[in-house]
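In: Provided below for reference: sequence and predicted model.
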Amino acid sequence: MHRFTVMPNASTAIQYGVVEPAHGQPGGGVEVIFPAGTNAWSVIHRNQIPPG
């Protein structure tokens, strides 16, 4: 898995949703979807998350 920072322009369309736990695993949470994508250079790869 990888960690990213996304910093879209103020005019970027954002859709909010809920992620349900799946495959018998705990979890879930809030998700953000950019239906039309984001502007250039708005996504920064931070690091890889170690397994476990």
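Out: Sure, I can see it. Residues are numbered from 1 along each chain as shown.

In: start and end of stretch 21-29, how far apart?
Out: 8 Å (C-alpha to C-alpha, to the nearest Å).

In: tell me the mean pLDDT for that stretch?
Out: Mean pLDDT, stretch 21-29: 86.

In: how about residues contacting that stretch?
Out: Identification of contacts with stretch 21-29 by C-beta atoms under 8 Å, 6 or more residues apart in numbering yields 18, 19, 20. For the C-beta atoms, the positions are set from N, CA and C on the backbone; glycine is no exception.

In: show me the contacts for the first one.
Out: If I follow you right, that is residue 18. 28, 29, 30, 31.

In: what separation do you get for residue 46 and residue 39?
Out: Taking C-beta to C-beta, to the nearest Å as the measure, residue 46 falls 19 Å from residue 39.

In: show me where this protein has its strands.
Out: 2-6, 15-19, 29-33, 43-48 (DSSP state E).

In: just checking: what are the partner strands of the longest one?
Out: Here strand 43-48 is paired, per DSSP bridges, with strand 2-6 (antiparallel).

In: pull out the buried positions in the partner strand.
Out: For strand 2-6, the buried set under the neighbour-count rule, 16 or more other C-beta atoms under 10 Å, is empty.

In: can you give me the angle it makes with strand 29-33?
Out: With axes from the mean of the first three to the mean of the last three C-alpha atoms, to 10 degrees as the basis, strand 2-6 and strand 29-33 are set at 60 degrees to each other.

In: pick out whichever of residue 46 and residue 39 has more residues nearby.
Out: Set side by side, residue 46 and residue 39 show more neighbours around residue 39, with 12 against 9, by other C-beta atoms under 10 Å.

In: tell me the contacts of the residue lying closest to the more buried one once chain neighbours are set aside?
Out: Nearest non-adjacent residue to residue 39, counting by C-beta to C-beta, 6 or more residues apart in numbering: residue 9, 5.0 Å away. Counting by C-beta under 8 Å, 6+ apart, residue 9 makes contact with 38, 39, 42.

In: over to residue 35?
Out: 13, 15.

In: would you mind measuring from it to residue 8?
Out: From residue 35 to residue 8 the distance is 12 Å (C-beta to C-beta).

In: just residue 46 next, same as before
Out: To residue 8, residue 46 is 16 Å away according to C-beta to C-beta.
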